[in-house]
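**Q** I'd like to go over a predicted model; first the sequence, then the structure.
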Amino acid sequence: MDFMLNEEQLMAQEMVRKFAQEEIAPTIKEWDQKHQPHPHVLPRMAELGILGINIPVKYGGQGFDYITLGLVCEELERVDASLRVVMSVHAGLNSLALLQWGTEEQKQRFLVPQAKGEKYAGYALTEADAGSDPANLRSTARREGDVYILNGEKMWISLATKADHMLIIAKTDPHAKPVHKGISAFIITSDMKGVTAGDIHGKLGVRAGSTGWIAMQDVEVPVENRLGEEGEGFNIAMSCLDNGRFTVAAGATGCIRACLEDSVKYSKERHTFGVPIAQHQLIKQKIAFMQQWYDAARLLVFKAGWLKNLGKRNTRETAVAKWFATDMSVKAALEAVQLYGAYGFSDEYDVERYLRNAKGATIYEGASEIQQLIQADYALGYRKDKPIRCEPVAYDADAWQSEA
Amino acid sequence: MHIAVITKSVPDTEAVVSVDAGGKLLAGDKLVVNPWDEYAITEAILLKEAHKAKVTILAVGPEQHNEALKHGLAIGCDQAIRVWDGALEGHDSLVYAKAVAAAIQKLGDVTLVMFGRELPDIASDAHIFQTARKLGWNLLGSVSKIEALDFAAKTIRVRRLVEQGTEVLSSRLPAVISVLKGINEPKYPTFIGIRKASKTEIPVWGLSALGLDAAAAQGQAAVTGYRELPKREGAVEIIEGASAQDKAAKLVEKLFAEKVL
Ligand SMILES: Cc1cc2nc3c(=O)[nH]c(=O)nc-3n(C[C@H](O)[C@H](O)[C@H](O)COP(=O)(O)OP(=O)(O)OC[C@H]3O[C@@H](n4cnc5c(N)ncnc54)[C@H](O)[C@@H]3O)c2cc1C
């Protein structure tokens, strides 16, 4: 067993840390307060190659492994969740799905520009009445000759107004039994006729992130834009979540680290009863828990990343990492606010933002309750991994880093 | 068209520096590329892009300096060389300069050597002057902008920050320059560069490869120990008074008494 990160992973981590700390951290609070995305985030992440970090070089990416994807997400969310959300949807939920399920032609047409950062991508499963129970979604895709006609409205979609490519999950057979057999996946582009999008305002957290809705009215989508087979959409949507949840879990470790690092600094500066508060045992306990949560969450993330590198199914391992890391990030942020006292309750410091951001991650990409059902169902034997047509793509350094 | 940048891994600038009982300097384990060198490396890469030049990055020191060299490779330097030999242990700045100059001569076709402004860990730039002297090349220190560079005509024109303001200076090549902060916006490593750097085995040139003998490696000056600065002690005194004017008058009186004014 080897817990050492290799040189390549460490250097990539350092580079993304520098970007996030130097270019985003100094002004992120202002953008969060304005409820607007930091304008540098998307173009700079694209320019630096971060958006395609673990896509093979021959598809326009950087050819790094899944562990590096996790490290990148940790560094991004160390500064702000909105940066990591970009990776979750663009890379985790969309690009990696194209890599796993796309035809060669789809990879050339959609994955290459996404990995290069020329096009931004998102993932639209959730609807106003279908979140935890996505099989209940109402959007439809009706085949007419060489096109599908898509109708419906997606809600709570990250990058809804920013993405050029959107992976849409819709029903090709609303009467199918079982229901999920009637679901298919499509790639739509924002310039298609009948597609409209808008932002959602008034969010508790991820205020510097873009979250919105997408409406589709008789949108003609060519058959070539269907990802996977007809009726395979539910499997695809769930496999996307195996990658998206990994990025959320890794990001949450970054949030825990943010709470820990900030708390360590503040507790040595703030004095009560003649000593730095760091010397009070009850404050030490908070620091100790944050350290424990960080270490444990990170190990769960690495374990899931390791399985991904091997190309093994990892639904349960990723789900447990996502559940634990996000729940603990909320606890860490609550403790950090407490440790900061009244100043923690003020937006003068960052910890209140960590708390608001952390809460979102226990809801999206499968709320904590859903992750618990997953763990229990595996343990009880009610749930087993069934074979899928396209298994997760294993990491192969030589193949992923070669130009051809 | 071959540029050499000289770099060094130094303790993290945020590290808390202390001195132990034996007079040894403690600055933590974390090393970073000399922040001044980041500007020199980026400038070399910008020149490489503009002139299709080759860039070699060079460090003198034990294995820990590979970190700075790999950083340079990851940003886009074409090759890295580490100069080290057990005999160089405890070297002074002149020995350092001799080693750098010998390595430059061994490379053969270098016409521009670039340094960051100084070494922050020892707050010195003596090695830069000494390297230029050993090579017998012109030295252009504290460069804030390279205005023109012509490898074919062997000329360089730079803007230097001097006490009186700025100075524009032309020189023949080959030359040695040191660059200031603000000459550019330091580049980040690229992911392709990182992959390349992590796969590179950095060659080590020892004394014999450089054609130097053990006597040349013998330093004339040695640091025998460090000592902490005496702790500054002070007390806060609140000056009471009926009005602001009254307080100010009392303050001025006190400052006179303490001979501050
Ligand atoms: C900031 C943000 C970004 C998002 N980005 C995206 C995106 O890019 N793409 C996308 O498709 N979606 C996105 N979502 C939507 C998100 O995935 C859903 O909100 C989430 O799946 C939960 O669905 P819901 O909000 O409808 O809650 P509901 O499904 O209505 O659940 C309400 C509550 O009931 C609990 N619950 C539900 N079923 C059960 C059960 N069987 N047993 C026990 N408890 C249960 C839930 O855990 C939750 O606590 C985003 C959401 C947010 C907040």
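**A** That came in fine, so what should we check first? Residues are numbered from 1 along each chain as shown, chains lettered A, B, ... in the order given.
**Q** near chain B, which residues of the stretch 1-150 of chain A?
**A** Remark: the part of the stretch 1-150 of chain A in contact with chain B comprises A:6-8, A:11-12, A:14-15, A:18-19, A:48-49, A:53, A:62-64, using CB under 8 Å from any CB of the partner chain. Backbone N, C-alpha and C define where each C-beta goes, glycine included.
**Q** of those, buried ones?
**A** The neighbour count (16 or more other CB atoms under 10 Å in any protein chain shown) marks A:7-8, A:11-12, A:14-15, A:19, A:48-49, A:53, A:62-64 as buried among the residues of the stretch 1-150 of chain A next to chain B.
**Q** Pipe the residues you listed into CSV and attach pLDDT and distance to the ligand per row.
**A** CSV is the format used below for these (pLDDT from 0 to 100; distance: CB to the nearest ligand atom, whole Å):
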residue, pLDDT, distance to the ligand
A:7, 95, 34
A:8, 96, 30
A:11, 96, 30
A:12, 98, 25
A:14, 96, 29
A:15, 97, 26
A:19, 97, 23
A:48, 97, 22
A:49, 98, 22
A:53, 98, 19
A:62, 98, 23
A:63, 98, 26
A:64, 98, 23
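**Q** Contacts only, for the residue of the stretch 51-200 of chain A found nearest chain B.
**A** In the stretch 51-200 of chain A, the residue found nearest to chain B is residue A:62; the distance is 3.8 Å by CB to the nearest CB. Residues near residue A:62 by CB atoms under 8 Å, 6 or more residues apart in numbering or on different chains: A:49, A:52-55, A:115, B:191-192, B:195.
**Q** Mind doing that once more with 10 Å?
**A** Residue A:62 makes contacts with A:12, A:48-56, A:68, A:115-116, A:400-401, B:190-192, B:194-195, as judged by CB atoms under 10 Å, 6 or more residues apart in numbering or on different chains.
**Q** What is the neighbour count of the residue in the stretch 251-400 of chain A positioned nearest to chain B?
**A** Among the residues of the stretch 251-400 of chain A, residue A:397 lies closest to chain B, at 9.1 Å counting by CB to the nearest CB. A count of neighbours around residue A:397, defined by other CB atoms under 10 Å in any protein chain shown, yields 15.
**Q** likewise residue A:385?
**A** Under the neighbour criterion other CB under 10 Å, residue A:385 is assigned a count of 11.
**Q** in terms of contact, does it touch residue A:378 like I think?
**A** Yes: under the criterion of CB atoms under 10 Å, residue A:385 makes contact with residue A:378 at 8.9 Å.
**Q** who touches both of the two?
**A** A:315-316.
**Q** And the helices in the stretch 51-200 of chain B?
**A** B:66-75, B:93-107, B:126-135, B:191-199 (DSSP state H, counting those that start in this stretch).
**Q** Distance of the closest residue to residue B:192 other than its chain neighbours relative to residue A:256?
**A** In this structure, residue B:192 finds its nearest non-sequential neighbour in residue A:62, 7.1 Å apart by CB to CB, 6 or more residues apart in numbering or on different chains. Taking CB to CB, to the nearest Å as the measure, residue A:62 and residue A:256 are separated by 26 Å.
**Q** Quick check: closest non-adjacent residue to the residue in chain A that the ligand sits nearest to.
**A** Taking CB to the nearest ligand atom as the measure, the point where chain A comes nearest the ligand is residue A:131, at 1.9 Å. Across the structure, with CB to CB, 6+ apart as the measure, the residue nearest residue A:131 apart from its sequence neighbours is residue A:156 (7.4 Å).
**Q** Repeat that for residue A:124.
**A** Once its chain neighbours are removed from consideration, residue A:124 has its nearest residue in residue A:154; the separation is 3.9 Å (CB to CB, 6+ apart).
**Q** residue closest to the middle of chain A?
**A** For chain A, the residue sitting closest to the mean C-alpha position, by CA atoms, centre = their mean, is residue A:88 at 2.3 Å.
**Q** where does it fall, helix, sheet strand or coil?
**A** Assigned state for residue A:88: helix (three-state reduction, DSSP: H, G, I helix; E, B strand; the rest coil).
**Q** Filter the residues of the stretch 1-150 of chain A next to chain B down to the ones in helices?
**A** Secondary structure assignment by DSSP state H places A:7-8, A:11-12, A:14-15, A:18 of the residues of the stretch 1-150 of chain A next to chain B in helices.
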